[in-house]
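1. no sequence for this one, just the structure:
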C-alpha cells in the first residue's frame, strides 16, 4: 500500500469495526455527503455500518481525512475524502486498503455503486462498470466490480 505524505508526515490507514470508527468518521461523512452533496442526513447512517469494516485515514495530527467501508457481501461504499485532501491520492489508498481487506476475507470480487462523476477514479483502480445509470439519494450512480481472482488491475 502506498503512503501519501503531507507536510507533517505520512498518513495512517486502519481498518476497524464500527464502534471504533463511528465517532471518528461520521463528522467527515456528514460534511461530504450531507453538507456538500445534499444527501438527506437521515439516510447517511444506516443498518450496514455495524456490519461493515471501516477504513479510517488520519493525517499526522490524528484528524480523519478519508474513510470508506466494506460490507460483508463485498460492497465498498461511503468513500469520503476531506476537501483539503482531494486529488492527492488519499482516496486511492483508502480504496486499495478496502480491496485488500476483502481479499484477506476470501472475497472473490468487490462491488460498488460509483457516483458517475467518480467513474474514472474507480476505473484507474481496476473496476469495471455494468448495468445502467441509476439514481441514489438524488445523485447518478453506476454499479462497478473488480475481480480479486486473476488479474489485479488499477494503481494508487
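-> Arrived safely, thanks for sending. Bear in mind the structure is a predicted one, so any value in this text is a computation, not a measurement. Numbers count the residues shown, from 1 in each chain.
2. Tally up the residues packed near the nearest residue to residue 107 once chain neighbours are set aside, please.
-> Excluding its sequence neighbours, the residue lying closest to residue 107 (Cβ to Cβ, 6 or more residues apart in numbering) is residue 74, at 4.6 Å. Bear in mind the C-beta positions are built from the backbone N, C-alpha and C, glycine included. Using other Cβ atoms under 10 Å, residue 74 has 17 other residues around it.
3. repeat for residue 85
-> Quick note: residue 85 (other Cβ under 10 Å) scores 17 neighbours.
4. Name the residues of the helix ranked longest in the chain that are buried.
-> Using DSSP state H, we find that the single longest helix of the chain is helix 90-104. If you call a residue buried by 16 or more other Cβ atoms under 10 Å, then helix 90-104 has these buried ones: 90-99, 101-102.
5. Adding distance to residue 24, write those out as a markdown table.
-> Formatted as a markdown table, these follow (distance: Cβ to Cβ, whole Å):
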| residue | distance to residue 24 |
| --- | --- |
| 90 | 15 |
| 91 | 17 |
| 92 | 20 |
| 93 | 17 |
| 94 | 14 |
| 95 | 18 |
| 96 | 20 |
| 97 | 15 |
| 98 | 16 |
| 99 | 21 |
| 101 | 17 |
| 102 | 21 |
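6. Cool, thanks, signing off.
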